[in-house]
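Q: Output the structure for:
(2 chains)
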Number of protein chains: 2
Amino acid sequence: MRTLKGWTGPKIVDGLQIEGTFRAHQVPLANVRDNPEHLKLLEQWMKSYRPEELFDWNGRFDAEVAKLAPRGHRRMSANPIANGGEFPEPLVIPEYTQYAVAMKDHGAVVVENTKCFGAMMRDIFKRNEKQRNFRLFCPDETNSNRLGDVFDVENRCLVSKIYPYDDHVAADGRVMEVLSEHNQEGWLEGYTLTGRHGIFATYEAFAMIVDSMTAQHAKWLKTCHTELPWRRPVPSLNYLLTSTCWRNDHNGFSHQGPGFIDSILTKQGIIIRIYLPPDANCLLSVADHCLRTHNYINLIVIDKQPHLQYLDIDDARGHCARGASRWDWASNDHDGKPDIILACAGDVSTMETLAAAWLLRKHLPAMKVRVVNVVDLMRLWPPDVHPHGMDEETFISLFTGTTDVVFAFHGYPRAVHEILHGRTNASRFHVRGYMEEGTTTTPFDMVVLNKTSRFHLCLEALRRASTIEASGQLIQLCQESLERHRKYVVEHLEDIPEIANWKWTDA
Amino acid sequence: MRTLKGWTGPKIVDGLQIEGTFRAHQVPLANVRDNPEHLKLLEQWMKSYRPEELFDWNGRFDAEVAKLAPRGHRRMSANPIANGGEFPEPLVIPEYTQYAVAMKDHGAVVVENTKCFGAMMRDIFKRNEKQRNFRLFCPDETNSNRLGDVFDVENRCLVSKIYPYDDHVAADGRVMEVLSEHNQEGWLEGYTLTGRHGIFATYEAFAMIVDSMTAQHAKWLKTCHTELPWRRPVPSLNYLLTSTCWRNDHNGFSHQGPGFIDSILTKQGIIIRIYLPPDANCLLSVADHCLRTHNYINLIVIDKQPHLQYLDIDDARGHCARGASRWDWASNDHDGKPDIILACAGDVSTMETLAAAWLLRKHLPAMKVRVVNVVDLMRLWPPDVHPHGMDEETFISLFTGTTDVVFAFHGYPRAVHEILHGRTNASRFHVRGYMEEGTTTTPFDMVVLNKTSRFHLCLEALRRASTIEASGQLIQLCQESLERHRKYVVEHLEDIPEIANWKWTDA
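A: Next up, the predicted model:
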């Protein structure tokens, strides 16, 4: 049926046409109390519904007509399909540890961070083949995000004509691959509302395209959670942001934007979860957790390209469960009194932090350095702001109450200050992160441009540490290294090998 | 011309079709160094351009062919139309003070905040009639945003068929009114890049829809500003966010979202400006300033509905020039030693703050209360972060170095902590703002739900103030008022008249 805008409203008011025009979207009769002509028009309009046929003299709705209304599950608001699904099936998730990266030493092996998770998703598709209740939403694109293992068992979805040269495309494919973030976001939202499971994997910068949609979904979840106990839980809205700002050195400035974190941060703590796994094994643990949850917006940020690996799968499990840990193997403050704390969240930030700790320990072995990695960003909030927020005792056990903290953050640095307000001596946190500097350049140049390289972190640590002597040589080394980098990168169009190939080694 | 994807690339590689398929978007020959077959395909492809016809034996480009390339202004990159315009005309802006709201007393008159600016824009259209270099972009919609005075002299633009019942619609209309924020944003961006002027007026919550576009424009402006001195300045991208979260009580939760502020905050200080005029006269002053600037993203947030007016036009001019001021008429700390500072940014937040100050002064006249209003949010940043950032001396003259500050903020409260990091004793700022609580309710219930009402501010002030005695009665009054509000609003579906009609009166 197609009707006129404002059909059954007053047709003309004060000589102006209402029905069929934009005015029907406004208040057609603004002043019925004082304007007898308007009141008359209102009466005519209301009478056009012939209430005498619909209600009896007691004002009761006519029983015959009332029968027309649907009953039970046929009422739109009571349709179980739109309320968490009629027969929601829990997602069967294989034991994630079987996809782990094997490791002997910390920070020595290089692996594409998202690849193991692709294998895990392949098996999720397999294990849930009968239930048909999992989909991967990936605008651009599954293979490029290193998740291509899913095509061993699953196809891309296309309901229009399929050509012979199409690759893993089928009408019943469950990998949704179309270059429209709006489309993908809308599909995933609707899919979870029917009790089914999915994940939206996209370039980090392009998640911003749909942040207003995410905001509305957050409002939906919050309202259901706090005000509508009759609504069933729905699987969480899961995001995997790959191709991050630090590794879009080839795509350039337009593809560098970690602002989705900032958008998510504004939502209520009962809804949002933000994870920055430092490596592939931590991603497996975090993803396993997120896919099992309901009623949340889970944001996972990790780059798809080859990166150093830090934790074996057992350590990763423990670290992710804690959400933030002191990394013993990278720290030398074994008496518990660090001169400086180097904290980090995010894969590249973690590497630069470890390289800074390595430099400090190598050149100033007497200096007590503590390295803290944060995988669950929400642990930093005060506990009254977010349910994951650690109590102040735990916070102080990680960050002490007084030692300065140089914090390398994956995203915009001031987001961390927004989170830390209310913590003991929050002003001692000195955060580096993405500050909207970038171009088409090398990976290390990206951290240099944004003043969050190992050398910048090292210099900041020396500036802030409590008691440092004889640091002049290291300061000079850092400054010279930055200068050498600047020249080298212009001449060779790639990073200095000793920087590009840096690995952790014990002091 | 329509061509195949990957046309002139290798047609088939390793048995897989490249040309005309998705593979043409990737790297068609991944391994030419080690794979002789790939190398041969590359050679064939390169030779298909017949370089021997295009270059001489010295490698010089053939002069005859080179002549085909356009010269001077016909080169795409040198087209002056796309570089700030061929003959950019400055916008003629009438003296803004003539649209001022006349005032005798502070906080006594109620006016629709954006209406005067509508009259000012009407005259901007008039004064620039010949230059035709100003457009208003307004998705939904000019009249509803109280800017309808522009239709005295200008029409809505529609190049398709116009019907007799259409209202102020013409093919050459310069008011762009279509309910697509994406469309409007793109039009305005392009329009300013050609050296012409405009403003995008929209519901606050819906600005989020285009924040990823704004992010890209910010990158453009930043790059032009810092790296491309040959690019001409372009008029700023101006936003007027009306229909704010605090006055979308009738539209409800979905229309409440001040997150555009948070998105803008992540950009570089040299690009962004955020203004929260507390009343209509301050809006005139701020808008006059913004429309004269180049190369910025100017965000103005003020609600369209009737609000109390605080400053006459002379005070407004001075206040906006300072960006933040102690409001003498609302403060009683004339010795300069306040017990508490009540700060505010945003129209509704200002009203609630003043009402809180009024309550405190009425019930505890011995208490020294200072009221500080912030119209230019950027003044709060440390000066190394934003060029508007006030020096620490000025900051301390406004906020002291030690007194607790209860800050009522228009947007998400933690955005203020993000800004204040680095200021003296930043932890003494206690910020209230929109915390994602809302529904279809009354205006005052919105500030109650978000714990930023006059009573909440008053209670927080009493909790934080340095030396307060005998505040028990006022605490009780606030708690009882909140309880009375809760009951009243459920029964009457509107606010308690003494709250809804509150005006400032001198103590």
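
Q: Can you name the next helix or strand after the helix or strand harbouring A:E53?
A: Taking DSSP states H and E as the criterion, A:E53 maps to helix A:51-54. Using DSSP H and E, the helix or strand that follows helix A:51-54 in sequence is helix A:63-66.

Q: Could you look up the next helix or strand downstream of that next one?
A: strand A:110-112.

Q: Of all the residues in that next one, which ones are buried?
A: A:V111, A:E112 (16 or more other Cβ atoms under 10 Å in any protein chain shown). Every C-beta, even on glycine, is put in place using the N, C-alpha and C of the backbone.

Q: Stretch A:319-326 too?
A: A:H319, A:C320, A:R322, A:G323, A:A324, A:S325, A:R326.

Q: which of the residues you listed are the two that sit furthest away from each other?
A: A:C320 and A:R326 (14.8 Å; Cβ to Cβ).

Q: For A:C157, give its distance to chain B.
A: 15 Å (Cβ to the nearest Cβ, to the nearest Å).

Q: List the beta-bridge partners for that residue.
A: Beta-bridge pairing for A:C157 (DSSP bridges): A:A170.

Q: Was I right to think it contacts A:H168?
A: No: shown here, A:C157 and A:H168 do not form a contact pair, counting by Cβ atoms under 8 Å, at 10.3 Å.

Q: Please identify every residue contacting each of those two.
A: A:V175 (Cβ atoms under 8 Å, 6 or more residues apart in numbering or on different chains).

Q: So for the longest helix along chain A, mean pLDDT?
A: If you go by DSSP state H, chain A has its longest helix at helix A:472-492. In this model, helix A:472-492 has a mean pLDDT of 96.

Q: Run through chain A and note the low-pLDDT ranges.
A: For chain A, the stretches with pLDDT under 70 are A:467-469, A:507.

Q: Report the central residue of it.
A: A:L299 (2.3 Å; Cα atoms, centre = their mean).

Q: Tell me which residues touch that one, please.
A: A:L299 sits in contact with A:Y239, A:L241, A:F260, A:I261, A:I264, A:I272, A:R273, A:I274, A:Y275, where contact means Cβ under 8 Å, 6+ apart.

Q: check which helix or strand covers the fifth one.
A: Read that as A:I264. Using DSSP H and E, A:I264 falls in helix A:260-265.

Q: in the next helix or strand after that helix, what counts as buried?
A: Going down the chain from helix A:260-265, the next helix or strand is strand A:272-275, by DSSP H and E. Residues A:I272, A:R273, A:I274, A:Y275 are the ones in strand A:272-275 that count as buried (16+ other Cβ under 10 Å).

Q: Over to stretch A:30-45?
A: Buried-residue list, stretch A:30-45, by 16+ other Cβ under 10 Å: A:H38, A:L41, A:L42.

Q: any idea which of these is closest to chain B?
A: Each of the buried residues of stretch A:30-45 was checked against chain B using Cβ to the nearest Cβ; the closest is A:L41, at 17.7 Å.

Q: element containing the closest one, please.
A: helix A:36-47.

Q: distance of A:E52 from chain B?
A: From A:E52 to chain B the distance is 29 Å (Cβ to the nearest Cβ).

Q: Leaving out the residues flanking it, which one is nearest to A:P10?
A: The shortest distance from A:P10 to any non-neighbouring residue, by Cβ to Cβ, 6 or more residues apart in numbering or on different chains, is to A:L41 (4.7 Å).

Q: How about the contacts made by that neighbour?
A: A:P10, A:V13, A:L29.

Q: ok, which stretches of the stretch 301-450 of chain A are helices?
A: Secondary structure of the stretch 301-450 of chain A, counting by DSSP state H, counting those that start in this stretch: helices at A:313-322, A:347-363, A:392-399, A:414-420, A:443-449.

Q: and of those helices, who's closest to A:A207?
A: Nearest of those (Cβ to Cβ): helix A:414-420, 14.8 Å.

Q: in the sheet, who's paired with the residue nearest to the centre of chain A?
A: The partner residues for A:L299, given DSSP bridges, come to A:Y239, A:I274.

Q: Likewise for A:V175?
A: A:L136, A:R156.

Q: and it, what is it in contact with?
A: Contacts of A:V175 by Cβ under 8 Å, 6+ apart are A:R135, A:L136, A:C138, A:T142, A:V150, A:F151, A:E154, A:N155, A:R156, A:C157, A:H168.

Q: how close does it sit to chain B?
A: From A:V175 to chain B the distance is 14 Å (Cβ to the nearest Cβ).

Q: quick one: that residue from A:A69, how far?
A: A:V175 sits 41 Å away from A:A69, going by Cβ to Cβ, to the nearest Å.

Q: go on, A:R454?
A: 68 Å.

Q: now A:R122
A: 47 Å.

Q: what about the two, which has more around it?
A: A:R122 (20 against 9; other Cβ atoms under 10 Å in any protein chain shown).

Q: Would you confirm that that one contacts A:D149?
A: Yes: counting by Cβ under 8 Å, A:R122 touches A:D149, with 4.4 Å between them.

Q: need the residues of the stretch 201-350 of chain A near chain B, please.
A: Contact residues (Cβ under 8 Å from any Cβ of the partner chain) of the stretch 201-350 of chain A with chain B: A:205-206, A:208-209, A:211-212, A:215-216, A:218-219, A:222-223, A:253-254, A:257, A:259, A:262-263, A:265-268.

Q: If we use 7 Å, what do you get?
A: Contact residues, the stretch 201-350 of chain A versus chain B (Cβ under 7 Å from any Cβ of the partner chain): A:208-209, A:211-212, A:215-216, A:219, A:222-223, A:253-254, A:257, A:259, A:262-263, A:266-268.

Q: Quick one: buried ones out of these?
A: For these, buried by 16+ other Cβ under 10 Å: A:208-209, A:211-212, A:215, A:219, A:222, A:253-254, A:257, A:259, A:262-263, A:266-268.

Q: can you name the two of the residues you listed that are farthest apart?
A: Most distant of those, by Cβ to Cβ, are A:K222 and A:F253, 34.6 Å apart.

Q: Distance to A:G190 added to the helices of the stretch 301-450 of chain A, as CSV?
A: Below are the helices of the stretch 301-450 of chain A laid out as CSV (distance: least, Cβ to Cβ, whole Å):
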stretch, distance to A:G190
helix A:313-322, 30
helix A:347-363, 32
helix A:392-399, 39
helix A:414-420, 30
helix A:443-449, 37
